[in-house]
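Novice: Sequence and predicted structure are below.
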Amino acid sequence: MKGHLHGEYLPCAAEGAKEKGAYYTPDPVVRSLLSWAVRSPEDRLLDPSCGDGRFIAGHAKSVGIEQDPSASALAMQRAPGALIHEGDFFSWASSTKERFSCAAGNPPFIRYQRFSGDLRKRAMALCADLGARFSALSSSWPMFLVGTAHLIERGGRMAFVVPAEIGHAPYSAPLIEYLTANFGRVQLIAVRRKLFPDLSEDCWLLYADGKGTGCDTIGFTVLEKFTFCGAPPPVTTFVPLSSWRGVWNRRLRPFLMPEPVRALYEAVAMEESTKRFGDFAAINIGYVSGANDFFHLRPSEADKLGIPGQFLQISVRNSRALPPTQLNAAVVRRWLREDRPSLLLRLQKDSHLPPSLKKHLSSSRAKEASSAYKCRSRDPWYAVPDVKIPHFFLSYMSGRSVAFVQNAARAACTNSLHTVVLKERAYLPRIFDARKSALFQLSCEIEGHPLGGGMLKLEPREATQILMPNASTLASVDEELAREGITVLQRWRHYETA
């Protein structure tokens, strides 16, 4: 993507562009999107973040907006006939009277942590005025697209590169709702082979046509790879908005799977007896120590320091340490024999500290740990909060499969894992049955989302949506079909090449 990926507006100068994170849209993609958007030499084209001018150079009657001065200078050289406004798109979009036949481009992908301050306030205010309300966790690109759509004339079109997050991120839902309410056709083109091979970020393509009317379906196209095409490719599946909003929880990623797999999953999800994981358990992240190397001791270190056992808690630092199904006393004894750093220094605010611990907490290592952000923001710095002893551990980041391990050893865990605390022990048989089925892993793939490097990320709120059918429903599940769905989604998150 343009030089706006991964958190900030970045310079787009040609020299050192790769080092600065400036990745420009490949020419076949530029030419394709312009072909989709522009229908006449008289059409006025808008690119809301034109970078070095690759899109606006492809059509004579173009207007580009660019905040970065060096990028806008390059755009003026590349597209001398275009009109280029240097400055903030949202300020300009809020006041301009100009309207456009079409728009195309590659909007900035700035994550919410850095898309902040007055710029964010202006963006969210403009979108709210237009009826699209974004959460505080929203990245920049959907707001750019809402602001752009507002400036399109009746009957006009849009064609953009978008992050593949549009297929699963909650903050993409207000964008899709806005587009389907204002365009007669909305199509997403999912491309498995990366449009930008050097980036971990996957990108799809968005096409919207017929401004001024609405639609009740989303056209979804699945492509293995993208090559130049003069018109949007044929739709693979028309997704009813009711289905997108309902069983699929405003996600398009499930439509990467074959229809029989979706039908299987939907049938189980809609079964009256099927519950969700959150109905049975509270799922949260593990504790945050703030200085893992200090707070996690090897048995030999604890002995040398003379730390009493009452201040030590067996803990799991990451999912790689977990056995396949159950963490028990035998596994813990092995960890201790191997002298692993598996003992959490667990102190309370009102703990009566023996001399050995006071000495340890005044050491140079302790002084370094106490200056870490999480440590210095709590009182006392050495009391690690939110240490839970869960019934199960669930992996936060997963490769081939999501780890779901019973905690028979009464261990704690860091925030690299989720803690699963049952609301009632009577739910155990149902959870054990679900865990043995391929449907469990399929549900993790569907309810979680891909991350760079081929990994699957499962947030606590996503984990609460994992399906928990009863035994009779599970018995009717086609396990081979469920495994096919898992394989497909893993290919799309590039696990097989990671």
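Specialist: Structure received.
Novice: okay, now the domains of this protein?
Specialist: The chain breaks down into these domains under automatic domain parsing: 17-253, 281-497.
Novice: gap between the last one and the chain center?
Specialist: Here domain 281-497 shows a centroid-to-chain-centroid distance of 20 Å under the convention Cα atoms, centre = their mean, to the nearest Å.
Novice: Next, the closest residue to residue 382 other than its chain neighbours: secondary structure please.
Specialist: Distance criterion Cβ to Cβ, 6 or more residues apart in numbering; nearest residue to residue 382, sequence neighbours excluded, is residue 347 at 5.3 Å. All C-beta spots, glycine's among them, are computed from the backbone N, C-alpha and C. Classification of residue 347 by DSSP: H, G, I helix; E, B strand; the rest coil places it in coil.
Novice: With the one 10 residues further on instead?
Specialist: Under the three-state scheme (three-state DSSP), residue 357 adopts helix.
Novice: Am I right that residue 205 is in a strand?
Specialist: Yes. According to three-state DSSP, the state of residue 205 is that of a strand.
Novice: Just grab the bridge partners of the residue lying closest to it once chain neighbours are set aside for me.
Specialist: Among residues not flanking residue 205 along the chain, residue 189 sits closest, at 4.1 Å (Cβ to Cβ, 6+ apart). When bridges are called by DSSP bridges, residue 189 pairs up with residue 205, residue 221.
Novice: contacting residues for residue 189?
Specialist: Shown in contact with residue 189 (Cβ atoms under 8 Å, 6 or more residues apart in numbering): 204, 205, 206, 207, 221, 223, 226, 232, 233.
Novice: Out of those residues, which is nearest to residue 177?
Specialist: For those, the residue nearest residue 177 by Cβ to Cβ is residue 206; the value is 14.1 Å.
Novice: can you tell me which residues contact the closest one?
Specialist: Neighbouring residues of residue 206 by Cβ under 8 Å, 6+ apart: 145, 158, 159, 160, 161, 162, 166, 186, 187, 188, 189.
Novice: Just the buried residues out of the residues you listed, in ChimeraX syntax.
Specialist: To isolate the buried ones among the contacts of residue 206 in ChimeraX, judged by 16 or more other Cβ atoms under 10 Å, type:
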select :145,158,159,160,161,162,166,186,187,188,189
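Novice: Stretch 406-422 - what's its average pLDDT?
Specialist: Stretch 406-422 shows a mean pLDDT of 97.
Novice: which of the residues in it are buried?
Specialist: 406, 407, 409, 411, 412, 413, 414, 416, 417, 418, 419, 420.
Novice: Closest one of these to residue 29?
Specialist: The closest of the buried residues of stretch 406-422 to residue 29 turns out to be residue 416 (Cβ to Cβ; 36.6 Å).
Novice: isn't residue 478 right up against residue 263?
Specialist: No. Judged on Cβ atoms under 8 Å, residue 478 makes no contact with residue 263 at a distance of 10.2 Å.
Novice: can you tell me how far residue 430 sits from residue 228?
Specialist: The gap separating residue 430 from residue 228 is 52 Å, by Cβ to Cβ, to the nearest Å.
Novice: more crowded one of the two?
Specialist: residue 430 (16 against 12; other Cβ atoms under 10 Å).
Novice: For the closest residue to the more buried one other than its chain neighbours, list the residues it contacts.
Specialist: The spatially closest residue to residue 430, leaving aside those adjacent along the chain, is residue 468, at 6.1 Å (Cβ to Cβ, 6+ apart). Taking Cβ under 8 Å, 6+ apart, we find residue 468 in contact with 274, 275, 276, 277, 279, 280, 430, 431, 434.
Novice: Could you identify the buried members of the residues you listed?
Specialist: Among those, those classed as buried by 16+ other Cβ under 10 Å are 274, 275, 276, 277, 280, 430, 431, 434.
Novice: May I ask which two of those residues are separated the most?
Specialist: Longest span within the buried ones among the contacts of residue 468, Cβ to Cβ: 274 and 431, 13.4 Å.
Novice: wait, doesn't residue 270 sit right on residue 247?
Specialist: Yes. Residue 270 lies in contact with residue 247 (Cβ under 8 Å); the separation is 6.4 Å.
Novice: Give me the more crowded residue out of these two.
Specialist: residue 247 (16 against 10).
Novice: List the contacts of the more buried one.
Specialist: Residue 247 makes contact with 266, 269, 270, according to Cβ under 8 Å, 6+ apart.
Novice: Any figure for the gap between it and residue 181?
Specialist: Distance, residue 247 to residue 181, using Cβ to Cβ: 21 Å.
Novice: Same check on residue 244?
Specialist: 13 Å.
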